[in-house]
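Q: Below: sequence and its predicted model.
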Amino acid sequence: MKIFDVLRMGFRNLLRRKTRTFLTVIGVVVGAAAIVIMLSLGIGMNENLQKSIANMGDLTIIDIYQWAWQPPSGAEGDYGGSVENDLNDVLLENIRSWDGVLAVTPYLSYWNLSMKTGKKYENVQPYLTGVDSSFLPYMKINVEDGYMPKPGDDNWIIFGARRARMFVKDINKMKPKDWDELWSSDLSDPPKVNILNDKIYVQNPDTVWVYNPSTGYGEEKTLKGKIKKFEFDKIGIIKSELNMYGWDENEYNVYADYKIVLELLKEYEKLTRVKAKESRIGKYEQIRIKVKDIKTAEDIQLKLAEEGLFLNNYLAEMRDEMQKNQNAVQMILGGIGAVSLLVAAIGIANTMFMSIYERTKEIGVMKVLGCPLGGIQSMFLFEASIIGFFGGLVGTALSLAGSYALNNVEALKKALNNMSGGGYYYYGNADQGAISVIPLWLVGLAVIFATIIGLVSGYLPARRATKISALEAIRNE
Amino acid sequence: MSIIIESIIKVKDLRKIYRLGKEKVIALDNINIEIKTGEVCCIFGASGSGKSTLLNMLAGLEKPTKGDIIINKNRINKLSEKKLAVFRQKYIGFVFQSYNLISTLTAIENVALPLVFRRIWKRKRMKMAKDMLKLVGLGDRLKHKPTQMSGGQQQRVGIARAFVSKPAVVFADEPTGNLDSKTTVEVMRLMVKMAKDDNLTLVIVTHERDIAQYADRIIQLKDGSVTDDYIIERDKNNENTDKTEIKNIEDLGEIVV
């Protein structure tokens, strides 16, 4: 039989029992629509998840902390604990030389200082974070006003939006109202004290608080000797940007070159005669590494572990965990859809079997007339797959409409969000995307899949049809 | 000049046993027949004589328990289901008692159906089917569905379908069983004429004595065995022949024309 004739006869047979064919197709429509809608919900959720993950932090940045949390190993009595990483310059330079590392910076903070402008405005309770200026572009730090430090600069200093507004004439004369204003002034207003056209001077103060290990208390100590004054003339103010939790991480921060911070620290330790054992010199609090891509990040993490460093890889773990949950949800959704498609498949098989019982005699006659077995089989397979195809086509069209409704009808959106416990918003104020997403590949795949379902459902009936004896034609009832 | 006419159908030591529970029913036993090309042969017998079983086996619808059936050099009892389909397609036409037209197809489509299986293009097979229907006198019923036609007309469509691919052998199973006597005459004449025109072998199974008179040869079955085998010599000048002479088959070795 020519394929064209098989198709022609298949169509004719389907149209012979219009109602039954229609109902079977409806079954597939429902099944295909269900599976597409369910998958589209899963895809939508996944897209929102990916957005949330992207908002959570840059996965190509690796942080190593001096004090890392070591989770319990599982051995009895091991509850985990803090372990110290030795973050020194040797390690820093070592990491810098690795392939795929774009930039690396140490973190060194210092809070024992006084910070004044050339016009004697004083910053309230300042502290400094020393970093490498080459790393600033990767820290999502944008200087809004003033100078954006470049790699190689040394006397640069940049202020968080609030910190830049915390210069006062005299701390001792501040009233409660002034304090209130300090914390709550509007960051979009221009600062009262213009620091950009001034200079910033940072130094160890005359009197410092020093921890006395013998008493266990801190005590005031006057520094003797010449105290160096560090002058900064490259000054910038960081643009206030909210993170996914809704606040500005750099609001109170001051960043400066870590080498200057190190000098401040050295001077302090020298003047207060800190013992070598307690010295912070040569021990960074944190090292941040920016790598080429996520794949490299995984490799670098392994390499760091080989170096004997303890990593707190919360972000990646959290991402994996979320991804795992998401996959489970998607499986469940897909499963629900699959069940309805399975029912539809049974419907197709049922229809085909009925059709064969009805046409037993006809099949027998065709056999007597010399119809090849392959012809009979392909005819039934074609009928079954055409039911699947049309069902898939209409079902997918229907689910496109349904998807549009889910995304655009507020009541539906709300109901769905309640149902999922608000699961569509994973974190904070991240922009919520569409609830249901049907990519083009899903449309194609659904139609093809439905057709294949039809084909598979039709297989047994088609086999049965080929086994019908030609003698059926002779039998006279 | 003499031509030896080949036997197109050879049946050797055919035996068919049905099992009904523990009981064996011998439907056919020790059947040896040879039917020659162009012969119109009638297998005649009462119901239960085994004539239908014989026909089924000749057409390859049933397998014999023992013995061989050779049609056109094909040992059909040895053919697989797949090869049987090809064999029927090539060599066999079939006329059914209850016409067995496909109800969803028109007369012309029904006639063209065997040609569909032979992978003949639509335009060509439709022309062949149309010519065939004209030949059986249904040139004005091409587009009619079986339900829109009388029994006689349906059977003529059935005959057209059986002959359309010019098969070597046409089997007819009680072809007039559902027809009145007037139509029976028409249908039988038509069938015999078509077989004769193309020198095709026609094997008719019937229990009606009237039908047997259209045959060149009558093979009578009773209780699964051949009880009689006649050649009917006709007066070739007289269309409406009656039996003129009956010879026993044993007297004939080769038919010399």
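A: Happy to help now that I have it. Numbering: from 1, shown residues only, chains lettered A, B, ... in the order given.
Q: which bits of the stretch 1-150 of chain B sit near chain A?
A: By Cβ under 8 Å from any Cβ of the partner chain, the residues of the stretch 1-150 of chain B that approach chain A are B:52, B:56, B:59-62, B:81-82, B:85-90, B:92, B:94, B:96-98, B:100, B:102-105, B:113-114, B:116-119, B:121-122. All C-beta spots, glycine's among them, are computed from the backbone N, C-alpha and C.
Q: all strands for the stretch 201-350 of chain A, in order.
A: Here the stretch 201-350 of chain A has its strands, by DSSP state E, counting those that start in this stretch, at A:207-212, A:217-222, A:229-232, A:234-238, A:254-257, A:286-291.
Q: Just say which of these is most tucked in.
A: strand A:254-257 (a mean of 25; mean count of other Cβ atoms under 10 Å in any protein chain shown).
Q: State the mean pLDDT of that one.
A: Strand A:254-257 shows a mean pLDDT of 94.
Q: Stretch B:222-231 now?
A: Stretch B:222-231 shows a mean pLDDT of 89 in the predicted model.
Q: quick check, distance from that stretch to the centre of its chain.
A: Stretch B:222-231 has its C-alpha centroid displaced from the chain centroid by 17 Å (Cα atoms, centre = their mean, to the nearest Å).
Q: how deep is B:Arg123 tucked in, by neighbour count?
A: 8 (other Cβ atoms under 10 Å in any protein chain shown).
Q: Then the one 10 residues further on?
A: B:Leu133 sits with 24 neighbouring residues when counted by other Cβ under 10 Å.
Q: in what helix or strand does B:Phe171 lie?
A: Per DSSP states H and E: B:Phe171 is located in strand B:169-173.
Q: Now whatever helix or strand comes next after that strand: buried residues?
A: Once strand B:169-173 ends, the next helix or strand along the chain (criterion: DSSP H and E) is helix B:181-197. Buried residues in helix B:181-197, defined by neighbour count with 16 or more other Cβ atoms under 10 Å in any protein chain shown: B:Thr183, B:Thr184, B:Glu186, B:Val187, B:Met188, B:Leu190, B:Met191, B:Val192, B:Met194, B:Ala195.
Q: Now which of the residues of the stretch 1-150 of chain B next to chain A would you call buried?
A: B:52, B:56, B:59-62, B:85-89, B:92, B:94, B:96-98, B:100, B:102, B:104-105, B:113-114, B:116-118.
Q: Just the ones of the residues you listed in helices?
A: Counting by DSSP state H, those place B:Ser52, B:Asn56, B:Ala85, B:Val86, B:Phe87, B:Arg88, B:Gln89, B:Leu113, B:Pro114, B:Val116, B:Phe117 in helices.
Q: tell me the contacts of residue 211?
A: Unless you meant another one, I'm taking chain A. The contact partners of A:Tyr211, by Cβ atoms under 8 Å, 6 or more residues apart in numbering or on different chains, come to A:Tyr217, A:Gly218.
Q: Switch to chain B, please.
A: Going by Cβ under 8 Å, 6+ apart, B:Ile211 touches B:Cys42, B:Phe44, B:Thr176, B:Thr184, B:Met188, B:Ile204.
Q: in whichever strand or helix holds it, what counts as buried?
A: In this assignment (DSSP H and E), B:Ile211 forms part of helix B:209-212. By 16+ other Cβ under 10 Å, the buried positions in helix B:209-212 come out as B:Ile211, B:Ala212.
Q: Repeat that for stretch A:149-164.
A: Buried residues in stretch A:149-164, defined by neighbour count with 16+ other Cβ under 10 Å: A:Pro149, A:Asn155, A:Trp156, A:Ile157, A:Ile158, A:Phe159, A:Gly160, A:Ala161, A:Arg162, A:Arg163, A:Ala164.
Q: likewise stretch A:294-313?
A: A:Thr296, A:Ala297, A:Ile300, A:Gln301, A:Lys303, A:Leu304, A:Leu309, A:Phe310, A:Leu311, A:Asn313.
Q: Report the two of the residues you listed separated the most.
A: Within the buried residues of stretch A:294-313, A:Thr296 and A:Phe310 form the most distant pair, 20.2 Å apart (Cβ to Cβ).
Q: In contact with whichever residue of the stretch 151-300 of chain A sits closest to chain B, which residues?
A: As assessed by Cβ to the nearest Cβ, chain B sits closest to A:Lys295 within the stretch 151-300 of chain A, at 55.3 Å. By Cβ under 8 Å, 6+ apart, A:Lys295 lies in contact with nothing.
Q: Can you give the domain ranges for chain A?
A: A:3-57+A:320-473, A:61-292 (automatic domain parsing).
Q: got the residues of chain A near chain B?
A: Residues of chain A lying near chain B (Cβ under 8 Å from any Cβ): A:1-2, A:4-5, A:9, A:12-13, A:16, A:361-362, A:365-373, A:375, A:469-471, A:473-474, A:476.
Q: List the ones among those residues that fall in strands.
A: Among those, no member falls in strands (DSSP state E).
Q: which of the domains of chain A is buried the deepest?
A: Highest mean neighbour count among these (mean count of other Cβ under 10 Å): domain A:3-57+A:320-473, with a mean of 19.
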